[in-house]
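Chemist: Predicted model, plus sequence, below.
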Amino acid sequence: MGKTDGSEITFRPARRQDVARIVELLADDPLGSGRERFEDPLPASYDAAFDRIEASDGNILTVAELDGAVVGCLQMTFIPGLSNQGADLALIEGVRVDTALRSQGLGQQLIEWALETARARGCQAVELFTHKTRADAHRFYDRLGFDQSHVGYRIKL
């Protein structure tokens, strides 16, 4: 937990009623607005995805709350592995902070919470993806100690 402008930040598992707000956060930039569909009602695919995430022991969808409002989110997937002498790792995706609250420490608190959660689950490393066009995010993750150690590839199916 932490504070932003004197208010308490809490982190908790996302609930079904948070899905629309999470999609709104994911869609709130040029890249996200091109791939998300934040509309009323939301496409059923978002609720179906939430159900799959919630049913999986290997996934956590977390929200950051400030004064009862969802102001940030991230998803973390835990991956058991044989590589690196059987080391488990965590993969962080979908990190978003409300535009009005950026550069106030909330993102750092959210990532620190995720790192501590991964440590507690026995992970030996944490990886994350951020789009190559997100220069501000790259500086943010560099500042938090992440290394740009890999080259990522993607193919749409």
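Modeler: Noted; the coordinates are in hand.

Chemist: if we look at the sheet, which residues does Ile9 bridge to?
Modeler: Gly2, Leu66 (DSSP bridges).

Chemist: And it, how close does it get to Glu127?
Modeler: 24 Å (Cβ to Cβ, to the nearest Å). C-beta: built from backbone N, CA, C; applies to glycine.

Chemist: who's more crowded, those two?
Modeler: Comparing Ile9 with Glu127 by neighbour count (other Cβ atoms under 10 Å), the higher total belongs to Ile9, at 21 against 16.

Chemist: Look up how far Gly72 lies from the more buried one.
Modeler: Distance of Ile9 to Gly72, given as Cβ to Cβ: 8 Å.

Chemist: Kindly report the same for Ala125.
Modeler: Using Cβ to Cβ, Ala125 is found at 23 Å from Gly72.

Chemist: And for Ser45?
Modeler: Counting by Cβ to Cβ, the gap from Ser45 to Gly72 is 22 Å.

Chemist: Also Val23?
Modeler: 14 Å.

Chemist: Ala55 now?
Modeler: With distances taken as Cβ to Cβ, Ala55 is found 23 Å from Gly72.

Chemist: you'd agree Asp47 is in a helix?
Modeler: Yes: when DSSP: H, G, I helix; E, B strand; the rest coil is applied, Asp47 is found to be in a helix.

Chemist: Can you list the low-confidence ranges for the protein?
Modeler: Within the chain, the segments meeting pLDDT under 70 span 1-6.
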